[in-house]
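Asks: Give me coordinates for this.
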Amino acid sequence: MSNPIIHNHKDGSHFAQQEGDTILRAALRAGVGLSYECNSGGCGGCKFELLEGEVDTLWPDAPGLSDKDRRRGRHLACQCRAKGPVSIKAATGAEYAPKVVPQRQKARLVGTTDITHDLREFRFRSAGGASFLPGQFAMLDLPGLASSRAYSMSNTANDDGEWHFQVRRVPHGQGTHVLFDKLAVGDEIGLDGPYGVAWLRTEAPRDIVCVAGGSGLAPMVSIARGAAAAGMLKDRRLHFFYGARTPRDVCGEALLAELEGFGERIIYRPVVSLPGGEGEWQGETGYVHDAVARALPGSLAGFEFYFAGPPPMTQALQEMLMVGHRAPFEQIHFDRFF
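Replies: Down below sits the predicted model:
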């Protein structure tokens, strides 16, 4: 069977869907900037209207679609495969066109390191190089799971094929159960990437603010490492905030301390929302978005923001920056995950 051709009436683009690809992955692999964020069915950023043809839906109950969307016949490009030639109406933009075209490959687990009681780094190696931008993510095909899982890289691009992911164990999470409890060193997985639009803007002249929570540590560490490697911190600062629930969830400082300029050009600020008993935690407390507003000098519109973490954290940051401080949208970078 030949690869189905998708025609987008919104911008006139045509692209072929390779075997195993969704409509979204097919578009991005062809260099077409179809609108998206999470690539996992949660955010709703890749909604489209089906004008002609038929599609298979991988996750009919994906939260990225509302009941109203379903009544109107809308679909998610990240959860649909064309059964034959189709015509769709989908939003596109130059900002979504991949800077690095995603590719499928195999990778083997070569090592792990515990970061906290429930956060672990998984290191994979592929035969080819690891090409991606700081802050991006990959889709992992894990043994025994029918659907891919999105995880962000914590390292930077390299010719050795090293892909590092810092993943927080999710109670009853199928993906993290495989990673933490079943996958052994030497085991092989499928890896497809890179994806994501919250990558490091090396041309931006402003001081950088990274805000992370949970598994959001990984892309923010990648941003910091990328900024340091690119020489960006010679004439600007990087403020790194980590939001943790309890003191034992705090992490990231040791990873940043390896970078040149730590303590001077790189400032690390952990924030704990549930500090516990008296004396257990001596640092900043409360919500991390409030700590950002308290700690940064001058107008928040003068910074370049990157953030990743639980949806309540990212939503609070977005509202604070755009509504409360009128920070320009083009200076705010994040991918929504649910």
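Asks: how far out from the middle of the chain is the longest helix along the chain?
Replies: Secondary structure of the chain per DSSP state H: the longest helix is helix 217-229. Going by Cα atoms, centre = their mean, to the nearest Å, the spacing between the C-alpha centre of helix 217-229 and its chain's C-alpha centre is 13 Å.
Asks: so what does that helix touch, helix or strand wise?
Replies: In terms of contacts (3 or more Cβ pairs under 8 Å, 6 or more residues apart in numbering; DSSP states H and E), helix 217-229 is packed against strand 149-152, strand 162-168, strand 207-213, strand 238-244, helix 253-256, strand 303-308. Placement of C-beta: from N, CA and C, glycine included.
Asks: Give me the residues contacting the third one.
Replies: Put plainly, it is strand 207-213. By Cβ atoms under 8 Å, 6 or more residues apart in numbering, the surrounding residues in contact with strand 207-213 are 219-221, 223-224, 227, 232, 236-244, 252, 288-289, 292, 296, 302-310, 313, 317.
Asks: circling back: may I see the buried residues of the longest helix of the chain?
Replies: If you call a residue buried by 16 or more other Cβ atoms under 10 Å, then helix 217-229 has these buried ones: 217-229.
Asks: picking that back up, can you lay out the helices and strands packed on helix 217-229 as CSV showing distance to Gly129, mean neighbour count and mean pLDDT?
Replies: Converted to CSV, the helices and strands packed on helix 217-229 look like this (distance: least, Cβ to Cβ, whole Å; neighbours: other Cβ atoms under 10 Å; pLDDT from 0 to 100):
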stretch, distance to Gly129, mean neighbour count, mean pLDDT
strand 149-152, 18, 25, 96
strand 162-168, 9, 24, 97
strand 207-213, 25, 25, 97
strand 238-244, 26, 25, 98
helix 253-256, 23, 16, 98
strand 303-308, 24, 26, 97
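Asks: Which one, of these, ends up nearest to Leu191?
Replies: With distances scored as Cβ to Cβ, the stretch of these nearest to Leu191 is strand 162-168 (6.5 Å).
Asks: Against which helices or strands is that closest one packed?
Replies: Helices and strands touching strand 162-168, as assessed by 3+ Cβ pairs under 8 Å, 6+ apart, comprise strand 119-126, strand 137-141, strand 149-152, helix 217-229.
Asks: where in the stretch 201-338 of the chain is pLDDT low?
Replies: Within the stretch 201-338 of the chain, the stretches with pLDDT under 70 are 278, 338.
Asks: Throw the helices and strands packed on helix 217-229 into TSV and include distance to Gly175, thanks.
Replies: As requested, the helices and strands packed on helix 217-229 are arranged in TSV below (distance: least, Cβ to Cβ, whole Å):
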stretch	distance to Gly175
strand 149-152	4
strand 162-168	8
strand 207-213	18
strand 238-244	22
helix 253-256	23
strand 303-308	17
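Asks: Mind listing the residues bridging to Arg269?
Replies: Note on Arg269: beta-bridge partners by DSSP bridges are Phe241.
Asks: count of residues packed around it?
Replies: Burial of Arg269 is recorded as 19 neighbouring residues (other Cβ atoms under 10 Å).
Asks: who's in contact with it?
Replies: Under the criterion of Cβ under 8 Å, 6+ apart, the contact list for Arg269 reads His239, Phe240, Phe241, Tyr242, Glu284, Ala291, Ala295.
Asks: The helix or strand where Arg294 lies packs against which elements?
Replies: Assigned by DSSP states H and E, Arg294 belongs to helix 288-295. Packing contacts for helix 288-295, counted by 3+ Cβ pairs under 8 Å, 6+ apart, involve strand 207-213, strand 238-244, strand 266-272, helix 311-319.
Asks: just how off-centre is it within its chain?
Replies: So, by Cα atoms, centre = their mean, the centroid of helix 288-295 is 22 Å from its chain's centroid.
Asks: what do you get for stretch 254-264?
Replies: Relative to the mean C-alpha coordinate of its chain, stretch 254-264 is positioned 23 Å out (Cα atoms, centre = their mean).
Asks: do the same with stretch 255-267
Replies: Taking Cα atoms, centre = their mean, one finds the center of stretch 255-267 at 23 Å from the center of the full chain.
Asks: Any buried residues in it, and which?
Replies: Of the residues in stretch 255-267, those buried by neighbour count under the rule 16+ other Cβ under 10 Å are Leu255, Leu256, Leu259, Phe262, Arg265, Ile266, Ile267.
Asks: try stretch 148-161
Replies: The neighbour-count check on stretch 148-161 (16+ other Cβ under 10 Å) flags Ser148, Arg149, Ala150, Tyr151, Ser152, Met153, Ser154, Asn155, Thr156, Ala157, Gly161 as buried.
Asks: re the thing from before, with distance to Tyr36 added, can I get the helices and strands packed on strand 162-168 in JSON lines?
Replies: Output for these, formatted as JSON lines (distance: least, Cβ to Cβ, whole Å):
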{"stretch": "strand 119-126", "distance to Tyr36": "23"}
{"stretch": "strand 137-141", "distance to Tyr36": "12"}
{"stretch": "strand 149-152", "distance to Tyr36": "11"}
{"stretch": "helix 217-229", "distance to Tyr36": "16"}
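Asks: These: which one's closest to Ser13?
Replies: strand 137-141 (22.1 Å).
Asks: Go ahead and produce CSV holding the CA coordinates of the closest one.
Replies: Taking C-alpha atoms only, strand 137-141 is exported to CSV below (Å, rounded to 0.1, in the frame of the first residue of the first chain):
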residue,chain,number,x,y,z
PHE,A,137,11.7,16.2,23.5
ALA,A,138,11.5,12.8,21.9
MET,A,139,8.7,10.2,21.6
LEU,A,140,9.8,6.9,23.1
ASP,A,141,8.2,3.5,22.1
